[in-house]
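*Asks:* Below: sequence and its predicted model.
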Amino acid sequence: MCNNPQLLPKEKRIALIIPSAILYDHRLSLNDKLILGIDYCFKKKLNYNSMPNTQIGYLLQLHPNIISKSRRKLLKLGYLRKEKRNYYLNDINLFVKKQDQRDLIIPFLVYNSNLSSGAKLLWAEYNSFNNNGKSYYASREFTSKRLDCSVESISNWTTALQETGFLKHYELKSGYCTKQRLVVTCKFSKDGMECLVLLI
């Protein structure tokens, strides 16, 4: 993680929001979706994002060249428009019809970690199932379709989340003709870390 206070002032340590309209656009890479999450949050706060590629790279633990390439793509696709040094997010509802209304929320400690972009989005997907306090049943196949990745990637990212401590508990339960995974995610708040339970 980046510990440079000049690059990460407290007011920039916001939670990212990935709207479902962005999540379901299959033209976008996982990195594109995280970058648009930053632009979406700044649109709500300031109406624009003036952060340079290096600063976004530190926030997301991505190389500035990846940020630059992604921003060029997002400008070409019409998600962003640029005026001088400011990036403005266009109306995302024009691009993709929402299938699932759940937006993903990623706290600073997750998106600023060394995890892959897919693992960060997967943590938010697991966490979103329990925002209402109820358990949610989903297969790896469902999750892979929602994140536009392979089932194997879901398994690999889940392992990475376990190894970094972002999953409190992971257990495979077998029943009659079924297998169910019990996932407990860590929820980050101002008061510390809480646990949420997800059954998949």
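*Replies:* Thanks, I have it. No experiment lies behind these values; they were computed from the predicted model shown. Numbers count the residues shown, from 1 in each chain.
*Asks:* in what helix or strand does the residue most central in space within the chain lie?
*Replies:* Nearest to the mean C-alpha position of the chain, by Cα atoms, centre = their mean, lies L121 at 3.5 Å. Applying DSSP states H and E as the criterion places L121 in helix 117-128.
*Asks:* tell me which strands and helices that helix is in contact with?
*Replies:* With contacts taken as 3 or more Cβ pairs under 8 Å, 6 or more residues apart in numbering; DSSP states H and E, helix 117-128 sits against helix 30-45, strand 104-106, helix 108-111, helix 140-147, helix 151-164, strand 178-189, strand 192-199. Yep, even glycine has a C-beta here, placed from its N, CA and C like the rest.
*Asks:* Identify the neighbouring strands of the shortest one in the sheet and state each direction.
*Replies:* It refers to strand 104-106. Its sheet considered, strand 104-106 pairs with strand 16-18 (antiparallel) by DSSP bridges.
*Asks:* Spatially nearest residue to I56, not counting backbone neighbours?
*Replies:* Nearest residue to I56 in three dimensions, chain neighbours excluded: I67, at 4.9 Å (Cβ to Cβ, 6 or more residues apart in numbering).
*Asks:* name the element the one you found belongs to?
*Replies:* Using DSSP H and E, I67 sits within helix 64-77.
*Asks:* Export only the CA atoms of the very next helix or strand once past that helix, formatted as CSV.
*Replies:* Helices and strands here follow DSSP H and E; after helix 64-77, the next one along the chain is strand 80-83. Extracted C-alpha coordinates of strand 80-83, given in CSV (Å, rounded to 0.1, in the frame of the first residue of the first chain):
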residue,chain,number,x,y,z
LEU,A,80,-15.5,10.2,-20.1
ARG,A,81,-14.9,13.6,-21.6
LYS,A,82,-11.8,15.7,-20.9
GLU,A,83,-11.6,19.4,-20.5
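*Asks:* what distance separates the helix or strand just after strand 80-83 from the centre of its chain?
*Replies:* With elements assigned by DSSP H and E, the helix or strand that comes after strand 80-83 is strand 86-89. Here strand 86-89 is found 20 Å from its chain centre; the criterion is Cα atoms, centre = their mean, to the nearest Å.
*Asks:* again, but for stretch 79-95
*Replies:* With Cα atoms, centre = their mean, you get 19 Å for stretch 79-95.
*Asks:* what's the answer for stretch 154-174, then?
*Replies:* On Cα atoms, centre = their mean, the centre of stretch 154-174 falls 17 Å from the chain's centre.
*Asks:* same thing with stretch 29-39?
*Replies:* Worked out by Cα atoms, centre = their mean, stretch 29-39 lies 8 Å from the chain centre.
*Asks:* Contacts for it, please.
*Replies:* With contact meaning Cβ atoms under 8 Å, 6 or more residues apart in numbering, stretch 29-39 is reached by 16-18, 22-23, 28, 49, 51, 56, 59-60, 62, 66-67, 70-71, 73-74, 79-80, 87, 89, 92, 104, 106, 111, 116-118, 120-121, 147, 149.
*Asks:* Cool, thanks, signing off.
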